[in-house]
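[1] Sequence isn't available, so here's the structure alone:
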């Protein structure tokens, strides 16, 4: 009952926090029967909400035991369906109680229900898949073994990809992988249960790597992000893909990751030189405080009509911007400040804290404004109409702010153009040189991999 009451609140919260939540391959999820969803974990509380809201199944979560330290809170978590896991880093002395956890998950699967597990065991915002623990495989195979492999348990990998996980109104892309059937490992499990567990875990790791835009180390993550900044849009168009499609955007990112790995392994000197050149170029842009897309030759020309539309929007939208700013700025700003203080440097928790503080502060703030408005005008209908403007005006204010920032960037670019024209031309030449070298590398990459028939390396571009 509590789960059903809280789910709409959670879904509303993430839909308000994120600009878009796109989901792929939902048809791969079994409509009924025991399922274990196993996802990567870059964003502590948002991850279970994203998967839980989009898997079309009611799920029970596995969570660290420290959340259950308060008895009242533990009781509530139990009602929602959260099962405690006793990790060595949290409660080494209580790890024997994990037998209770396994028993609870077995009972859950035996009833044909769904579980959600984060097999990395930790949540970090880095663009890396950490070591996959064996828990998901042990639970799935253990439940099958207890029931003579008649349950038909599936592990469904889920890849969660954030455009900017800690930012309000950013994007999320969730991809479900091909289900892994535990019955396929029956013979291996009955011969050697440990090797079967390792085989499932290895398959799960490979699936999560394919479903996410993760890399092997942070150095690669930095250069991939840089390449996405200056080359992703041009590469998307060059490959005939839709730059507005989250699926195509994901595929291009995966292709860039594979190419970075290939060049690092096969042409390390060229790769290092290219990385240094890109980092130097972006560093100059950062010092000048201008964006790369303003130097792109593929940037669409600003026509007089578009410029007129922008001026019209900025001038006539300003009163609405002020109205939305007055109604929404204080709780928006305060929730960010409180969230940063609450996470204490653990940024995987930042977006969830922002959402929690935001929901609480906005409810209190909106309620106070409505009460005050009603007392002043003493009219229920006008108060209701006033309330209906709150969220749309807030969204408009964010849109206006971003448009204004973009226009300010344009003014800064034009100022630099007139004051430091030579520097700007040098930057454009440097960018063109980088793009030319990347285009040449792209052709070489495709040619070498086609020649070697390495379909895995090319699959993400298709």
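    That came through, no problem. On a predicted model such as this, the values are computed, not experimentally measured, just so you know.
[2] where in the protein is pLDDT low?
    Applying pLDDT under 70 to the chain flags the ranges 1, 87-96, 297-303, 450-462.
[3] got the domain boundaries for it?
    Domain ranges of the chain: 2-211, 218-288+423-461, 304-419, per automatic domain parsing.
[4] Deepest in the core, which of these is it.
    Scoring those by mean neighbour count under mean count of other CB atoms under 10 Å gives domain 2-211 as the most buried, with a mean of 18. Quick note: C-beta positions are derived from backbone N, CA and C, even for glycine.
[5] which residues touch residue 434?
    230, 274, 277-278, 281 (CB atoms under 8 Å, 6 or more residues apart in numbering).
[6] Would you reformat these as CSV and include distance to residue 38?
    Listed next are the contacts of residue 434 as CSV, based on distance: CB to CB, whole Å:
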residue, distance to residue 38
230, 34
274, 36
277, 39
278, 35
281, 39
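[7] how near is residue 415 to residue 193?
    Going from residue 415 to residue 193 by CB to CB, to the nearest Å gives 68 Å.
[8] actually residue 77, sorry about that
    For residue 77, the distance to residue 193 - CB to CB - is 31 Å.
[9] likewise residue 433?
    57 Å.
[10] Quick check: residue 121 touching residue 136?
    No - using CB atoms under 8 Å as the test, residue 121 is too far from residue 136 to be in contact (10.6 Å).
[11] Helices of the stretch 251-400 of the chain, start to end?
    268-288, 304-316, 318-343, 350-377, 380-388, 390-419 (DSSP state H, counting those that start in this stretch).
[12] ok, and the closest non-adjacent residue to the most centrally placed residue in the chain?
    Per CA atoms, centre = their mean, the C-alpha nearest to the average position across the chain is that of residue 162, at 2.0 Å. With CB to CB, 6 or more residues apart in numbering as the criterion, residue 162 has its nearest non-adjacent residue at 5.6 Å, and that residue is residue 172.
[13] Secondary structure class of the one you found, three-state.
    strand (DSSP: H, G, I helix; E, B strand; the rest coil).
[14] and it, bridged to which residues?
    residue 21, residue 162 (DSSP bridges).
[15] Run through the neighbouring helices and strands of the helix or strand hosting residue 222.
    Element membership of residue 222 [criterion: DSSP states H and E] is helix 218-238. Other elements packing on helix 218-238 under the criterion 3 or more CB pairs under 8 Å, 6 or more residues apart in numbering; DSSP states H and E are helix 246-266, helix 268-288, helix 421-451.
[16] And the contacts of the first one?
    Residues outside helix 246-266 that contact it (CB under 8 Å, 6+ apart) are 20, 22, 24, 161, 171, 173, 175, 210, 213-216, 220, 223-224, 227-228, 231-232, 235-236, 239, 241-243, 270-271, 274, 441-442, 445, 448-449, 457-458, 460-462.
[17] ok so, going back, as CSV, the helices of the stretch 251-400 of the chain with distance to residue 206 would be great.
    Below are these laid out as CSV (distance: least, CB to CB, whole Å):
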stretch, distance to residue 206
helix 268-288, 24
helix 304-316, 46
helix 318-343, 32
helix 350-377, 28
helix 380-388, 49
helix 390-419, 38
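[18] And those: which comes nearest residue 61?
    helix 350-377 (13.5 Å; CB to CB).
[19] what angle sits between the closest one and helix 390-419?
    120 degrees (axes from the mean of the first three to the mean of the last three CA atoms, to 10 degrees).
[20] Format the helices and strands packed on helix 218-238 as a markdown table; extra columns: distance to residue 49.
    Converted to a markdown table, those look like this (distance: least, CB to CB, whole Å):
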| stretch | distance to residue 49 |
| --- | --- |
| helix 246-266 | 18 |
| helix 268-288 | 33 |
| helix 421-451 | 37 |
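[21] right, and those - which one's nearest residue 327?
    That would be helix 246-266 among these, by CB to CB, at 30.9 Å.
[22] Quick one: distance of the closest one to the chain centre.
    Relative to its chain's centre, helix 246-266 lies at 17 Å (CA atoms, centre = their mean, to the nearest Å).
[23] What of stretch 181-200?
    Here the centre of stretch 181-200 is set off from its chain's centre by 32 Å, with CA atoms, centre = their mean.
[24] Kindly report the same for stretch 75-88.
    24 Å.
[25] Quick check, residue 15 in contact with residue 21.
    Yes - taking contacts as CB under 8 Å, residue 15 lies within contact range of residue 21: 6.9 Å.
[26] Now do residue 113 against residue 151, distance only.
    Using CB to CB, residue 113 is found at 11 Å from residue 151.
[27] Can you pull the residues that touch both of these two?
    residue 34.
[28] what's the spacing between the residue lying farthest from the centre of the chain and residue 386?
    For the chain, the largest distance from the centre (CA atoms, centre = their mean) belongs to residue 378, which lies 44.9 Å off. To residue 386, residue 378 is 13 Å away according to CB to CB.
[29] Check residue 252 too.
    Taking CB to CB, one finds residue 252 at 45 Å from residue 386.
[30] what's the answer for residue 49, then?
    30 Å.
[31] do the same with residue 331
    Distance from residue 331 to residue 386, by CB to CB: 17 Å.
[32] And stretch 343-357, end to end?
    12 Å (CA to CA, to the nearest Å).
[33] quick one: contacts of it?
    With CB under 8 Å, 6+ apart, stretch 343-357 has contacts from 13-14, 17, 41-46, 123-125, 165-168, 334-336, 338-340, 342.
[34] same thing but 10 Å
    10, 13-14, 16-18, 41-49, 122-126, 162, 164-168, 170, 331-332, 334-342 (CB atoms under 10 Å, 6 or more residues apart in numbering).
[35] Same question for stretch 409-421.
    Counting by CB under 10 Å, 6+ apart, 288-291, 293-295, 302, 307, 310, 423-427 sit against stretch 409-421.
[36] and residue 37, helix, strand or coil?
    Applying three-state DSSP: residue 37 is strand.
[37] That one and residue 153 touch, don't they?
    No - using CB atoms under 10 Å as the test, residue 37 is too far from residue 153 to be in contact (11.9 Å).
[38] Can you pull the residues that touch both of those two?
    Applying CB under 10 Å, 6+ apart, one finds that residue 37 and residue 153 are jointly contacted by 115, 179.
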